[in-house]
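J.: Sequence plus the predicted model coming up.
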Amino acid sequence: MPSSTGRVLPFRPSERLDSTGPGTGPAADPVSVGRRVRHARRAAGLTLAAVAERTGLSPSALSLIENGRREARPSTLEQVATVLGADLTSLLSGAPPSRRAALEVRWERAQRAEGFQTLGIPAVRVGPGLPDDALEALVGLYESVVGLQQQRAATPEFARLANAELRARMRAAGNYFADIEAAAADLVAQAGHTGGPVSRAVVERVARRVGFEIVTVPDVPASTRTVTDLAHHRIYLPARGGHDHRAAALQALGHVVLEHEPPRDYAEFLAQRVEINYFAAAALVPESTAVPLLRRARADRDIAVEDLRDAYAVSYETAAHRFCNLATEHLDLQVHFMRTSADGVIYKAYENDGVRFPMDASGAIEGARVCRSWTARVVFDRPLGQVYHQYTDTGRGTYWCTAVAEPTPAGVFSVSVGVPFDQVRWMRGRDTRERRLSRCPDPRCCTRPPADLAREWEGRVWPSARAHSHLLAVMPPGVFPGVDDTEVLRFVAQHAPPSPEVAEQGPAGDVAQ
């Protein structure tokens, strides 16, 4: 996708295990480099033997480099580039030189991938005698098989593990990603915003800066929040209420600005969701003005999430997310965040302050139920929308939390933000007298009924459980989980502007519609 920033994502799959931080890329891929070397050699009209003689390499060694089976040292590649009259940078990076080369790279990577042998597909050597259509069929079949495997693997366990891994990476970064901050700040500044709430008009100007138009229609598919037509550079928003249209539009733009590609698995889908949510929040609550506001509040020992909410006209949840983005980086505060349903089930959570969330053996917390004594649960006993503060004594220390419970299109949820006791002096509401004791995960705290009550009703009750189907069901298949692809494609086809030829032939009234 196009981008006005060209910034690097913090969660690109190739960086998941070997990067040193956001924006750091892995080493050049030997297979891709080899194909570019071969293309340059053939374009120069040279044989393997001729290049080998001029570089001091053996023809077999050069052949291994071209086939991607040996990683060439930079000095060797520099020699080869000089002999071929090629630019070293072009050999190390860039797109494959041809469609054939791109297919060869994909097939070589496939055959070297872990688990290839378990598929029962025989290895096929790619030589000049293998026709392009046969190679394309091999690549397509392999990627289809892998796609089916990933769909089957996208079980609740897979999704929960992906969530746990993603949360760990957010914790390691302090939940702050400078590249996304800079991308959002650049675009908001270019749109002419100088302070206060970011208006719908500013968001539309941001979209135009990226080359997109925001269109509101009544029939956006029910399985989607927005639909982006990349061919005509349109972002469709629903006319129905329920969501902040500014946030929804900015999230859709985030995919474009951050150069997302269709996710290859559910883990990448989750990472992209985190990134676009971060981008939208960074645009709606700009770092340049939010940080001074928070620093003044810290100096006055009066930090409050609701001040961010009110200053930027965003939801309490967006304000809480934004506070967690900025607190560690700019205020030296460790924090935790939770979004919890009325029955105590965790839907979202983040921490870098040592608080222990309820979790399973895999480290996943989504779907777990928080202690009845935690602020996130107690707040439901207060009027909706009222800010509630509480100290909670736990096995890992005392935490102070602030929370609000609010209705949403999906039901009533609480959003809570907390800090350790030794950092509460900076927070508004620290003088609260509300205090609870939580002994969870000890089941005697709140999950196991009192002994006398259990004895009285033993064997006399059979409740019918309300299953959380979104946590138990296999993830929906498709590139974008849960989206009805047919419905979406019919929608964009119906709303796409007519081609220039049709516009010239049809009456002006038809074109306007």
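T.: Done, it's in.

J.: State the three-state secondary structure for residue 318.
T.: Assigned state for residue 318: helix (three-state reduction, DSSP: H, G, I helix; E, B strand; the rest coil).

J.: Quick check: closest non-adjacent residue to it.
T.: Nearest in space to residue 318, with sequence neighbours left out and distances taken as CB to CB, 6 or more residues apart in numbering, is residue 281 at 5.5 Å. In short, each C-beta sits where N, CA and C put it, glycine included.

J.: Also residue 162?
T.: Per CB to CB, 6+ apart, closest to residue 162 is residue 267, 3.9 Å.

J.: what about the helix or strand hosting that neighbour, average pLDDT?
T.: Here residue 267, judged by DSSP states H and E, is contained in helix 266-284. Mean per-residue pLDDT for helix 266-284: 91.

J.: Which is the succeeding secondary structure element to that helix?
T.: Helix 266-284 is succeeded, C-terminally, by helix 287-299 (DSSP H and E).

J.: residues in contact with that following helix?
T.: 181, 184-185, 195, 303-304, 307-308, 311-312, 322-323, 326-327, 330-331, 426, 428 (CB atoms under 8 Å, 6 or more residues apart in numbering).

J.: That helix: which residues count as buried?
T.: For helix 287-299, burial by neighbour count (16 or more other CB atoms under 10 Å) applies to 287, 290, 293-294, 297-298.

J.: Pull out the buried residues from the contacts of helix 287-299.
T.: Applying 16+ other CB under 10 Å to the contacts of helix 287-299 flags 181, 184-185, 303-304, 307-308, 311-312, 322-323, 326-327, 330-331, 426, 428 as buried.

J.: returning to that earlier point: tally of neighbours for the residue nearest to residue 162?
T.: 21 (other CB atoms under 10 Å).

J.: do residue 132 as well
T.: Residue 132, neighbours per other CB under 10 Å, totals 12.

J.: can you check the one 3 residues further on too?
T.: Using other CB under 10 Å, residue 135 is surrounded by 18 other residues.

J.: just residue 456 next, same as before
T.: 10.

J.: what does the strand or helix carrying it contact?
T.: Following DSSP H and E, one finds residue 456 within helix 451-457. By CB under 8 Å, 6+ apart, the residues outside helix 451-457 that reach it are residue 448.

J.: Spit out the contact partners of the spatially closest residue to residue 308 that is not a sequence neighbour.
T.: Leaving aside its chain neighbours, residue 308 sits nearest to residue 319 (3.9 Å; criterion: CB to CB, 6+ apart). Residue 319 makes contacts with 285, 305-306, 308-309, 312, as judged by CB under 8 Å, 6+ apart.

J.: One more pass at 6 Å, please.
T.: Neighbouring residues of residue 319 by CB atoms under 6 Å, 6 or more residues apart in numbering: 305, 308-309.

J.: how much space between residue 178 and residue 125?
T.: Distance of residue 178 to residue 125, given as CB to CB, to the nearest Å: 45 Å.

J.: May I have the strands that pair with the longest strand seen in the chain, each with its orientation?
T.: Criterion DSSP state E: the longest strand present in the chain is strand 397-408. Sheet partners assigned to strand 397-408 using DSSP bridges are listed as strand 388-394 (antiparallel), strand 411-420 (antiparallel).

J.: So for that strand, mean pLDDT?
T.: 94.

J.: Count residues in the vicinity of the nearest residue to residue 384 once chain neighbours are set aside, would you?
T.: In space, and not counting its chain neighbours, residue 384 is closest to residue 405: 5.6 Å by CB to CB, 6+ apart. As a burial measure, residue 405 scores 24 neighbours (other CB under 10 Å).

J.: Bridged to residue 405, which residues?
T.: Where residue 405 sits in a bridge, its partners, by DSSP bridges, are residue 414.

J.: For it, give me its contacts.
T.: 379-380, 384, 412, 414.

J.: That one and residue 427: what is the separation?
T.: For residue 405 relative to residue 427 (CB to CB), the value is 19 Å.

J.: Same check on residue 81?
T.: Distance from residue 81 to residue 427, by CB to CB: 59 Å.

J.: So which of those two has more stuff around it?
T.: Ranked by neighbour count (other CB under 10 Å), residue 81 and residue 427 place residue 427 first, with 24 against 20.

J.: Does that one touch residue 303 like I think?
T.: Yes. Here residue 427 reaches residue 303: they are 5.2 Å apart, a contact under CB atoms under 6 Å.

J.: neighbours around residue 423, how many?
T.: So residue 423, with other CB under 10 Å, has 20 neighbours.

J.: Which residue is the nearest non-sequential neighbour of it?
T.: residue 333 (5.5 Å).

J.: Repeat that for residue 343.
T.: Using CB to CB, 6+ apart, the closest residue to residue 343 is residue 369 (7.3 Å).

J.: Flag the shaky bits of this protein, pLDDT-wise.
T.: Within the chain, the segments meeting pLDDT under 70 span 1-28, 94-96, 114-120, 146-158, 241-243, 360-363, 464-482, 499-513.

J.: possible to save the buried residues of helix 287-299 as JSON lines with distance to residue 99?
T.: Converted to JSON lines, the buried residues of helix 287-299 look like this (distance: CB to CB, whole Å):
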{"residue": "287", "distance to residue 99": "43"}
{"residue": "290", "distance to residue 99": "47"}
{"residue": "293", "distance to residue 99": "53"}
{"residue": "294", "distance to residue 99": "52"}
{"residue": "297", "distance to residue 99": "57"}
{"residue": "298", "distance to residue 99": "56"}
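
J.: Which single one of these is nearest to residue 213?
T.: Residue 213 has its nearest neighbour among the buried residues of helix 287-299 in residue 287, at 27.0 Å by CB to CB.
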